[in-house]
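Chemist: Predicted structure and sequence below. I'll ask about it afterward.
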Amino acid sequence: DGGITQSPKYLFRKEGQNVTLSCEQNLNHDAMYWYRQDPGQGLRLIYYSQIVNDFQKGDIAEGYSVSREKKESFPLTVTSAQKNPTAFYLCASSFEGQLSTDTQYFGPGTRLTVL
Amino acid sequence: ELKVEQNPLFLSMQEGKNYTIYCNYSTTSDRLYWYRQDPGKSLESLFVLLSNGAVKQEGRLMASLDTKARLSTLHITAAVHDLSATYFCAVDMDSNYQLIWGAGTKLIIKP
């Protein structure tokens, strides 16, 4: 089955720790995205990547880092510099092409809580 | 500033009623997306509207796009409880691989 997987589903972090959220897709999509969602809010873009070994900052990149070494994988690291990381993190991917609708497909999400 | 505004942000309605959710946006765009999110879950794509006058329907939901008015509507016909969810619209920012998201409309449909 094609899709996007995120792990873990729940993650607890102590203050001062870095944590890495996994995102994998087997849809052969070119672009991948990381969003943050706070309770009762819309989505805010953290980082996105259009191709392997390239990524761009979104609106709220401070305190986060990403890598895109493989087309299928786009891990997000929440660093200790992110002062308020408790949120729901969503990974998405899309197929970019002339005939594409560019619809973004979402993974199940990771709920991060700072203790 | 690029903005996408949804209204209402919260809607409680009875089963069997009709209602419309509105999505206004401030930038020129020909692409608008509607998503559904169930509580604690991820987002599910509902509709992709790619041109002025586009209309898409799926079951009791119908979405339309007026690019001149910079307005999209999501119309619910004869609502049923299973449609209770939060609905988001998102606008393509000139194919820059970024979407601008509305704050979401939380819809509660009472039996």
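Modeler: Perfect, I can see it now.

Chemist: Give the next helix or strand downstream of the helix or strand containing residue A:45.
Modeler: Following DSSP states H and E, the helix or strand that holds residue A:45 is strand A:43-51. For strand A:43-51, the following helix or strand on the C-terminal side (DSSP H and E) is strand A:54-57.

Chemist: So which elements touch that following strand?
Modeler: strand A:43-51 (3 or more C-beta pairs under 8 Å, 6 or more residues apart in numbering or on different chains; DSSP states H and E). To be clear about C-beta, it is placed using only N, CA and C from the backbone, and glycine gets the same treatment.

Chemist: Return the mean pLDDT over the strand it packs on, rounded to an integer.
Modeler: For strand A:43-51, mean pLDDT is 93.

Chemist: thinking again about what came up before, for the strand holding residue A:45, name the packing helices and strands.
Modeler: Applying 3+ C-beta pairs under 8 Å, 6+ apart, one finds that strand A:43-51 makes contact with strand A:31-37, strand A:54-57, strand A:64-66, strand B:99-101.

Chemist: Mind doing that once more with 10 Å?
Modeler: strand A:31-37, strand A:54-57, strand A:64-66, strand A:76-78, strand A:87-94, strand B:99-101 (3 or more C-beta pairs under 10 Å, 6 or more residues apart in numbering or on different chains; DSSP states H and E).

Chemist: Can you check which of these gets nearest to residue B:32?
Modeler: Between residue B:32 and the helices and strands packed on strand A:43-51, the shortest separation by C-beta to C-beta is 9.4 Å, and it involves strand B:99-101.

Chemist: what's downstream of that closest one, the next helix or strand?
Modeler: strand B:105-110.

Chemist: By mean pLDDT, show me the worst of the helices and strands packed on strand A:43-51.
Modeler: Of all these, strand B:99-101 carries the lowest average pLDDT, namely a mean of 89.
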